[in-house]
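1. build me a structure from this.
(one chain, ligands or ions: 2)
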Amino acid sequence: MSEATPQAVTRSAATGGPGLLASLDPLLREWLPRQRWFAGKGRPVTGFSLVAATELLPLDAKLGLYHLLVRAHQPLPPVQGGGVPHPGDCYQLLIGVREALPPRLAPALIGHVHEGPLAGRTVYEALYDPRPAEVILEALRAQARVGGLRFERREEIRSDLVPRLVTAEQSNSSVIYGDAFILKLLRRVLPGVNPDLELPLALAREGCPRVPPPTAWMSAEVADESYLLGVLQPFVQGATDGWELALRGLAKGEDFSAEARALGRATAEVHTALARALPTVTLAHLQVQSLVDGMTERLQAAAQAVPALRPYAPGLQSAFDALADLAAEGHTWTAQRVHGDLHLGQCLRSASGQWSLIDFEGEPAKPLAERRMAQPVARDVAGMLRSFDYAAHSAGGPPAPAWAAACRAAFCAGYAEAGGHDPRTDPVLLRAYETDKAIYEVVYEARHRPDWLPVPLSAVRRLATDTEADAGAGAGADVR
Ligand SMILES: Nc1ncnc2c1ncn2[C@@H]1O[C@H](COP(=O)(O)OP(=O)(O)O)[C@@H](O)[C@H]1O
Ligand SMILES: O=P(O)(O)O[C@H]1O[C@H](CO)[C@@H](O[C@H]2O[C@H](CO)[C@@H](O)[C@H](O)[C@H]2O)[C@H](O)[C@H]1O
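-> Ligands and ions are numbered 1, 2, ... in the order given. Alright, predicted model coming up:
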């Protein structure tokens, strides 16, 4: 077997999964919670259990490589039912093993192992290392099956591509191969159909040019369940994401409404293709009530977790009640599959000025079943409206409400042009979704980026006092 050929883990006493995990345990307890993609921040890790271990490069070579699925045990906070056992989140880890790390891999260090089968070796985050990243691409190219790991592809993959890890902050980890492909490796993995592959595949079948079509993907089969582990897609060359472009424009005092309008059109095109590709449903009173119940529960949980939200809870709740009232009067809405976590950072503008939407994972904190539910398109529209507001508060200078107002209006106008429906004609729905999103953002920022908390909190203050007539405006942004 060549150094590059992956193989299933040898479950010997020396390198078997449980022994391997035991020797990594103390290092992972310290390293895992520090990772940006670690979802359980703020709760101590009390232990790990092994879901699956696969040896991709044998330990006896200069470089060993393990693919691990590891469950991190963390007690639940009291608000989420503390004391009740919780299985813990499952993470995908690619662990490199060397005698010593070359200086170029210093940022990848996990630690030095003192006991067990790896005693005396150094373990590290293997994605920083080109060789392990090549091994994954080779397995995709070869449509390999290695232990429970399954590598599949829709198209040929060239073999001369040099990998580099994306070091920007993100919820998962990505490797770019020769500016031709980008592989996203999911970090917190879940059993079941994952929209991050499901939706781009459906859009590719529809021939929708707004979303890079999946070239290949990897998954793990564990106890009759399938976990999506990663998706390879064409790399949009010379692309800038909408967030960066918006901040640049703001810094120079430039108007962004032409881009916002184009983004509105791109979003509507994706929605139209999704509605063709996958079932749509009508939401009547009962379904809307359960939607509102979900929003209410999220508000209550958020107010427990983030005290600064509490004074605004009644005002925020009124946005949800207004939606329930409309439904009780007999109003219905169409629901379909949507992006689920759309914001400026999920929009890429290519060198030629074309917009693409990426990252169909949905809100990572939500269960897959919830993320895959049909929803009104207002859900994504609200995400983008919030994002313009975020940008207007984040460019370094004073908040720029007029800039946000122009972008929000232009986005809705663009959406109406390509989608045949102007989101502003349903202000109650839009306000409810914007409120739900702002609450999500408060929790997200409190957990991941406390310095950013004032941004969604300022929206919360506005949304809590908005009347129905002001819905969809925000930050002085009159989108009507
Ligand atoms: N097809 C692509 N072409 C170019 N860059 C991409 C592509 N897909 C993702 N990226 C870059 O990688 C980053 C992370 O991708 P994303 O799917 O949003 O991962 P995450 O869920 O970890 O945020 C994006 O913000 C973008 O900069
Ligand atoms: O990592 P993801 O891109 O899947 O999304 C998560 O992180 C986002 C931040 O990186 C977060 O987005 C929020 O901040 C953005 C600015 O950084 C802003 O444009 C968005 O409107 C705002 O929601 C997103 O909510 C979260 O799920």
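
2. I'd like to know how many residues surround the residue nearest to Arg205 when sequence neighbours are not counted.
-> Of all residues not flanking Arg205 in the chain, Ala277 sits nearest, at 6.4 Å (C-beta to C-beta, 6 or more residues apart in numbering). From N, CA and C alone the C-beta is placed, and that goes for glycine too. Counted by other C-beta atoms under 10 Å, the residues lying close to Ala277 total 18.

3. equivalent analysis for Tyr415, please.
-> Tyr415: 28 neighbours (other C-beta under 10 Å).

4. how about Ile95?
-> Residues lying near Ile95 (other C-beta under 10 Å) number 23.

5. does any bit of the helix or strand hosting Glu445 sit next to ligand 2?
-> Applying DSSP states H and E as the criterion places Glu445 in helix 427-448. Yes. Judged by C-beta under 6 Å from any ligand atom, helix 427-448 and ligand 2 are in contact via 441, 444.

6. now stretch 291-306
-> No. Judged by C-beta under 6 Å from any ligand atom, stretch 291-306 and ligand 2 are separated, with a smallest distance of 13.1 Å.

7. show me the contacts for the closest residue to ligand 2 within the stretch 101-250 of the chain.
-> The nearest approach of the stretch 101-250 of the chain to ligand 2 comes at Ser171, 3.5 Å away (C-beta to the nearest ligand atom). By C-beta atoms under 8 Å, 6 or more residues apart in numbering, the contact set of Ser171 is 36-37, 187, 361, 364.

8. if we use 7 Å, what do you get?
-> 37, 364 (C-beta atoms under 7 Å, 6 or more residues apart in numbering).

9. close to ligand 2: what parts of the stretch 251-400 of the chain are there?
-> Within the stretch 251-400 of the chain, the positions lying close to ligand 2 (C-beta under 6 Å from any ligand atom) are 341, 343-345, 359, 363, 386-387, 390.

10. redo that, cut-off 5 Å
-> Contact residues, the stretch 251-400 of the chain versus ligand 2 (C-beta under 5 Å from any ligand atom): 341, 343-344, 386-387, 390.

11. how close does Thr272 sit to Gln354?
-> 17 Å (C-beta to C-beta, to the nearest Å).

12. could you do Ala61 as well?
-> 44 Å.

13. isn't Leu57 right up against Tyr66?
-> No. Using C-beta atoms under 7 Å, Leu57 is not in contact with Tyr66; the gap is 8.4 Å.

14. returning to what we had before: columns neighbour count, secondary structure and pLDDT on top of the residues of the stretch 251-400 of the chain next to ligand 2, output as CSV?
-> Below are those laid out as CSV (neighbours: other C-beta atoms under 10 Å; DSSP: H, G, I helix; E, B strand; the rest coil; pLDDT from 0 to 100):
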residue, neighbour count, secondary structure, pLDDT
Asp341, 23, coil, 95
His343, 22, coil, 97
Leu344, 24, helix, 98
Arg386, 28, helix, 98
Ser387, 27, helix, 98
Tyr390, 25, helix, 97
